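Undergrad: need a structure here:
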Amino acid sequence: MKHQLEGPEAGGSRYSEDRVKRIMKRLTDDLRLDNKQQDEIRKIIVMRNVKLTGIETAYQPDVRKIYDRSFALIKEKLNNEQKDKLQSREEKASKRYNALYFKSLRIAQNTLPDAAALKDSLGLNETQGSQIAEIVEDQRARQMKIIVKYENTEKPDLAAVRSELTEVEKDTIKQLSGVLTEQQMTRYREMQ
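TA: Purely as a prediction, here's the structure:
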């Protein structure tokens with residue numbers, strides 16, 4: 001699980017800024033990209049990472065259920081002493097897993113496109129830009145509140161976390177659709 005959440009690089013997310021820099025360096029060197037190409041391609045790489053991180057975090061509650069169920073099935077095959085030892089291992093693994101899960105949520109939160117990026121990508125006018133900035137900031141604040149609420153509990157309900165974050169996303173889409181044109185909304189959905 002640690003490898004899946006943190007990626008092959010020790011101590012960091014596979015979608016971290018360092019990874020983006022390494023990818024960009026390789027592409028720049030191999031393809032001899034000019035500055036304009038670097039800027040445009042970097043945006044694409046960052047958006048790809050946003051999407052991948054979102055997918056990854058969306059499935060973590062399901063992965064957690066699989067691990068929990070396998071621990072329960074293993075316990076059925078053990079004597080009491082073995083169950084106690086397994087319980088200890090399970091608690092340690094659970095704490096590590098939860099920490100990694102919430103770390104991945106924070107990474108996903110930090111990689112959401114900001115208002116400036118959306119303004120450029122969607123061709124927003126000034127009025128739209130200021131309205132989108134408010135919506136995006138509200139989305140980030142609401143998501144962070146959910147993350148903090150569950151992150152500090154002993155046994156967080158990851159399905160509830162996912163559900164609440166999904167509701168924020170649905171509400172954000174609804175708000176955005178009231179500000180963006182149909183074309184802009186289509187482009188926004190393609191970016192997701």
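
Undergrad: In CSV, please show the C-alpha coordinates belonging to stretch 133-143.
TA: Below are the C-alpha coordinates for stretch 133-143, written out as CSV (Å, rounded to 0.1, in the frame of the first residue of the first chain):
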residue,chain,number,x,y,z
ALA,A,133,-11.9,32.2,-7.8
GLU,A,134,-14.6,32.2,-5.1
ILE,A,135,-16.0,28.8,-6.0
VAL,A,136,-12.5,27.2,-6.2
GLU,A,137,-11.5,28.7,-2.9
ASP,A,138,-14.7,27.6,-1.2
GLN,A,139,-14.2,24.1,-2.6
ARG,A,140,-10.6,23.9,-1.2
ALA,A,141,-11.7,25.2,2.2
ARG,A,142,-14.6,22.7,2.4
GLN,A,143,-12.5,19.8,1.3
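
Undergrad: List the buried residues in that stretch.
TA: Under the neighbour-count criterion of 16 or more other Cβ atoms under 10 Å, stretch 133-143 has Ala133, Ile135, Val136, Gln139, Arg140, Arg142, Gln143 buried. Backbone N, C-alpha and C define where each C-beta goes, glycine included.

Undergrad: what's next to it, contact-wise?
TA: Around stretch 133-143, the neighbours that count as contacts under Cβ atoms under 8 Å, 6 or more residues apart in numbering are 105, 109, 112-115, 118, 165, 168-169, 172, 175-176, 179.

Undergrad: How far off centre is that stretch?
TA: 15 Å (Cα atoms, centre = their mean, to the nearest Å).

Undergrad: Stretch 55-71 now?
TA: Taking mean C-alpha positions (Cα atoms, centre = their mean), stretch 55-71 and its chain are 15 Å apart.

Undergrad: what's the next secondary structure element after the strand or helix carrying Gln143?
TA: Using DSSP states H and E, Gln143 sits in helix 126-151. Going down the chain from helix 126-151, the next helix or strand is helix 158-177, by DSSP H and E.

Undergrad: and the gap between the spatially most central residue of the chain and Leu165?
TA: By Cα atoms, centre = their mean, the chain has its centre lying nearest to Ala108, at 2.6 Å. For Ala108, the distance to Leu165 equals 9 Å [Cβ to Cβ, to the nearest Å].

Undergrad: Give me the angle between the biggest helix by length in the chain and helix 158-177.
TA: In the chain, assigned by DSSP state H, the helix with the most residues is helix 35-75. Calculated by axes from the mean of the first three to the mean of the last three Cα atoms, to 10 degrees, helix 35-75 forms an angle of 150 degrees with helix 158-177.
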